[in-house]
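J.: Based on what follows, work out the 3D shape:
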Amino acid sequence: MKQYIVLFITLAALIAALLIGCTDSAPTEPAIGLGNSTVTKYVAIGNSLTAGYQSGGLYKSAQLYSYPNLIAQQLTKAGANIRTFEQPYWPDPGTPDRSTGRASRYIIYGWSGTTPLIGPAGEALTAAAPENAVTLKRPYDNLGIPGIPLAGFIDMTGNYNGTNTTAGLNTGIGFAILRQPAGTTSVFHQAAALQPDLVTFWLGANDVLGFAASGGTDPNAPTDPKIFNPLYGQALDSLRKTLPKAKIIVGNIPNVTSIPFFTTANPLIAPHIPSAYYLRYQKHGTLGMSFDSTKLIEANAPLITLKGKAYAALLGQSTGQFWRDAAALKGTTIEVLYPALAAVGIDTTKPFGFHPQNPWPDALILDADEIATATAAVNNFNSTIASVAATEGALVVDFNSFFNNIEANGIVIAGEKYTADYITGNIFSLDGVHPSDRGYGIVANEYIKVINAYFDMNIPLVDVSALPKLSAPLYKGGNGKIDPVFPFGAFNSLQKLFSPAIQ
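T.: Numbers count the residues shown, from 1 in each chain. As a prediction, this is how the structure comes out:
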């Protein structure tokens, strides 16, 4: 009997221990915090992607969801004492289109049945400068300048960072941001003056995006690696020497030809090419008539840009609409332009896009060689970014691999799938290049993941599902994509942003 009592007591003790264990709280994640690190100043360096540019414009209701501002909010939640993260807020409706002087941001301005009509808001501006340009007596923490290439980081002339309002990139946006002292500074000097201990650096995309967005016409090549590579080395070396203890995280460059600006139009236009016809298009550098052709569905087919979607409605018509728009964009009179077109064999009385003498323009399409050129540039630039970052003790966020995976497979967040589809994928905004509010949240989280992993921090991720969605109910056609209508000359403002030669 005694042995049974001992056994009973032992079992009871074991059960009690198990029950006690079950009442303990489940294993938890590490406590939110900065670990052994201290963050007192965060500065973001970059281009329009950093600025929070959305749907063709820079405006406050979008800037609030810039990835640097979202990162700053999460840093504060983790205990960082960075105080107010200052951005150059442009009151809605935001920055101007240089052609019209009115708001450049894109909206869904109407519907034709289930088809969204998308174009510039065209609203009168409420301000010509950021709302805090006068009251803030120090540089901004967000030093993202729309249109800036890598060369703009250390530029003191203003020709590459938008502070030269004559030859600048975007109606003096850079001038409004780099203003202390006005005209004598650079992005680098502004950042150094703030003495940050955390820096995100995402430059280089515009060194290939301008080439791609203009169909390989303006500029007619990406930045030469012989220029890009030493510039990138100089940029990070300058930061490291000036900020020896700072945590520097750089983003590499996504494959620019996999964004909606380049992937949306083909499946929408291809069904409208009659079986007996091919789309006649100009290859890179072709000025006049062309016999190159495509159905847009073959392997390695050229890519119609989103800007070209507006002209697809004119296929087969006798029209010179694009050439008139091009004349307006360049400031060239039609009287001068048309004789030049005739001299190279363009005849706008021929059916547009279906005749060698009135081909689809080079500026609205990326041919196979241009795609290869853009891809090679991205690969070369990213190789340099990885090498220089390793040398300078900086971390790299591999946005190229990340967005390639999204383009191929999508990503599921809190039970909702996000894709690279135009608008309906809920990552990209109406211009097909820049992220939406939720897209910027996704970008912010990729930075935070790298920071947490390498610096033993536990900064909470942005709750992407809590950020605003593109609210309009959009109809998907049989191919699962929306078929938007754009006005002629659509995306001119965006093209000017990336192509500094266009004034």
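
J.: Mind jotting down where the strands sit in the stretch 301-450 of the chain?
T.: With strands called from DSSP state E, counting those that start in this stretch, the stretch 301-450 of the chain shows them at 303-304, 365-366, 395-397, 411-413, 416-418.

J.: nearest to Asp218, of those strands?
T.: Asp218 lies closest to strand 365-366 among the strands of the stretch 301-450 of the chain, at 13.3 Å (Cβ to Cβ). Any C-beta I mention is one placed from the backbone N, CA and C, and that applies to glycine too.

J.: circling back: of the strands of the stretch 301-450 of the chain, which approaches Lys41 most closely?
T.: strand 395-397 (17.9 Å).

J.: which strands and helices sit next to that closest one?
T.: strand 247-251, helix 368-392, helix 437-455 (3 or more Cβ pairs under 8 Å, 6 or more residues apart in numbering; DSSP states H and E).

J.: what about the second one, distance to the chain center?
T.: Relative to its chain's centre, helix 368-392 lies at 17 Å (Cα atoms, centre = their mean, to the nearest Å).

J.: Quick check: buried residues in it?
T.: 370-371, 373-375, 377-378, 380-382, 384-385, 388-389, 392 (16 or more other Cβ atoms under 10 Å).

J.: Settle this for me: Gly233 is touching Ile385, isn't it.
T.: No. At 10.1 Å, Gly233 does not count as touching Ile385 under the criterion of Cβ atoms under 8 Å.

J.: per the record, what domains does the chain have?
T.: Domain assignment for the chain by automatic domain parsing gives 42-262+368-498, 269-366.

J.: For those domains, give me TSV that also has distance to Ala31 and mean pLDDT.
T.: Converted to TSV, the domains of the chain look like this (distance: least, Cβ to Cβ, whole Å; pLDDT from 0 to 100):
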stretch	distance to Ala31	mean pLDDT
domain 42-262+368-498	7	92
domain 269-366	45	92
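
J.: Of those domains, which stretch is the most buried?
T.: Highest mean neighbour count of the domains of the chain: domain 42-262+368-498, a mean of 20 (counted as mean count of other Cβ atoms under 10 Å).

J.: what about the helices in the stretch 51-200 of the chain?
T.: Ranges of helices in the stretch 51-200 of the chain, per DSSP state H, counting those that start in this stretch, are 60-63, 67-77, 173-177, 187-194.

J.: Any chance of those helices in CSV with distance to Leu366 as columns?
T.: Listed next are those as CSV, based on distance: least, Cβ to Cβ, whole Å:
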stretch, distance to Leu366
helix 60-63, 27
helix 67-77, 27
helix 173-177, 27
helix 187-194, 30
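
J.: can you give me the strands for the stretch 101-250 of the chain?
T.: Using DSSP E, counting those that start in this stretch, the strands of the stretch 101-250 of the chain run over 106-112, 115-120, 142-144, 198-202, 247-251.

J.: Output these in TSV; the columns should cover distance to Thr100.
T.: Shown next, in TSV, are those (distance: least, Cβ to Cβ, whole Å):
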stretch	distance to Thr100
strand 106-112	13
strand 115-120	7
strand 142-144	24
strand 198-202	30
strand 247-251	33
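
J.: can you tell which of the ones you listed is closest to Gly79?
T.: strand 198-202 (13.2 Å).

J.: Other residues contacting that closest one?
T.: By Cβ atoms under 8 Å, 6 or more residues apart in numbering, the list of residues contacting strand 198-202 from outside reads 39, 41-47, 49-50, 68, 71, 75, 191, 235-236, 239, 243, 246-251, 394, 447, 451.

J.: do stretch 371-384 as well
T.: Contacts with stretch 371-384, where a contact means Cβ under 8 Å, 6+ apart, come from 204, 207-208, 211-212, 216, 221-223, 225, 228-229, 232-233, 252-257, 300, 302-303, 366, 400.

J.: in this structure, which residue is closest to the centre?
T.: Taking Cα atoms, centre = their mean, the centroid of the chain lies closest to His434, which sits 3.5 Å from it.

J.: Help me confirm that it comes into contact with Thr50.
T.: No. His434 is not in contact with Thr50 according to Cβ under 8 Å; the separation is 10.6 Å.

J.: list the contacts for the nearest residue to Thr217 once chain neighbours are set aside?
T.: Spatial nearest neighbour of Thr217, excluding adjacent residues (Cβ to Cβ, 6 or more residues apart in numbering): Ala363 at 4.7 Å. Residues counted as contacts of Ala363 (Cβ under 8 Å, 6+ apart) are 214-215, 217-218, 307, 322, 326.

J.: Now the two most distant members of those residues.
T.: Across these, the longest distance by Cβ to Cβ is 14.5 Å; it joins Asp218 and Phe322.

J.: Run through the residues that contact Ala490.
T.: Going by Cβ under 8 Å, 6+ apart, Ala490 touches 118-119, 306-307, 309-310.

J.: circling back: can I get the helices and strands packed on strand 395-397 in a markdown table with distance to Gln87?
T.: Formatted as a markdown table, those follow (distance: least, Cβ to Cβ, whole Å):
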| stretch | distance to Gln87 |
| --- | --- |
| strand 247-251 | 18 |
| helix 368-392 | 25 |
| helix 437-455 | 13 |
